[in-house]
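Undergrad: Build me a structure from this.
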Amino acid sequence: MLFQIPYEKQRVQYRYCRPVPTSIVRHSSQCPCEIDGAEYAKNGPVRAGGNPMRNRSEGKEMHEFDLELNELFERSVHRLRAAEVFDAEAFSLLFAHISRKASLLADEYVVSKQVLASLVGARDSIRNSAPFLPESANSLELADEFELLLSMIALGIDPAMRVGGSPRIT
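TA: Sure, this is the predicted structure:
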C-alpha cells in the first residue's frame, strides 16, 4: 500500500504557475502550489551578480542574434567561400566588431554560438583559401588574430586591456 500525502499539503510546482518575488505564495484559489524563492518572477533564477546574459551598456540581451555581425560575416567569409574574393577591409571590420563584442563578454559566463561560429569560420576560411589565393596567403596573421581572440573570449580576457609586448600579471 502506498503512502499518500493529502493534496493540500503537497509542495508541487505546476507549469502554468508563474512564481512571484515573495517567499511563500499561493498563486490563486485554483492553484494549490507553494513556491519558495525570490527574484524568480520573470527571468528564472538570478545569480548573485544579476542576470549574466544582460548587456547593460547596450540594453539588449547578449544571446540575441546580432544582425551587424551576420552582415559582416556575409561580406567577408561568405564572399571568400562563394566568390573566392578576399576582402581585407571586410575581415578587419569583422575583427573589430567581434573585438568590441568580446570586451562586453569578458565578464560573462555564456557566449553566443554566433560569435564563436564567426570566429572559427573566419579563421578557417582564411587558412583554407591561402594555398590558392595570394591575398589570403598574405593575411595568415589575421587568421592567427581571430584564433587569439577566440582564446581570449574563452579565458574571459578583455581584448582592450591586452597590450602586446608586455607580460600580463594576474
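Undergrad: Please enumerate the helices of the protein.
TA: Counting by DSSP state H, the segments of the chain that form helices are 67-73, 79-83, 88-105, 113-129, 134-137, 140-155.
Undergrad: would CSV of those with mean neighbour count and distance to residue 161 be doable?
TA: No exception for glycine: its C-beta is placed from N, CA and C like everyone else's. Formatted as CSV, the helices of the chain follow (neighbours: other Cβ atoms under 10 Å; distance: least, Cβ to Cβ, whole Å):
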stretch, mean neighbour count, distance to residue 161
helix 67-73, 16, 22
helix 79-83, 14, 30
helix 88-105, 18, 8
helix 113-129, 18, 19
helix 134-137, 15, 30
helix 140-155, 16, 10
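Undergrad: Domain parsing of this structure, as residue ranges.
TA: 9-46, 54-161 (automatic domain parsing).
Undergrad: coming back round to it: can you put the helices of the chain in TSV and add distance to residue 167 and mean pLDDT?
TA: Supplementary listing: the helices of the chain in TSV, determined by distance: least, Cβ to Cβ, whole Å; pLDDT from 0 to 100:
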stretch	distance to residue 167	mean pLDDT
helix 67-73	32	94
helix 79-83	35	92
helix 88-105	21	95
helix 113-129	25	96
helix 134-137	31	92
helix 140-155	15	94
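Undergrad: how near is the nearest residue to residue 80 once chain neighbours are set aside to residue 68?
TA: Setting aside the residues directly before and after it, residue 80 is nearest to residue 125 in space (Cβ to Cβ, 6 or more residues apart in numbering), at 5.1 Å. When distance is defined by Cβ to Cβ, to the nearest Å, residue 125 is 19 Å away from residue 68.
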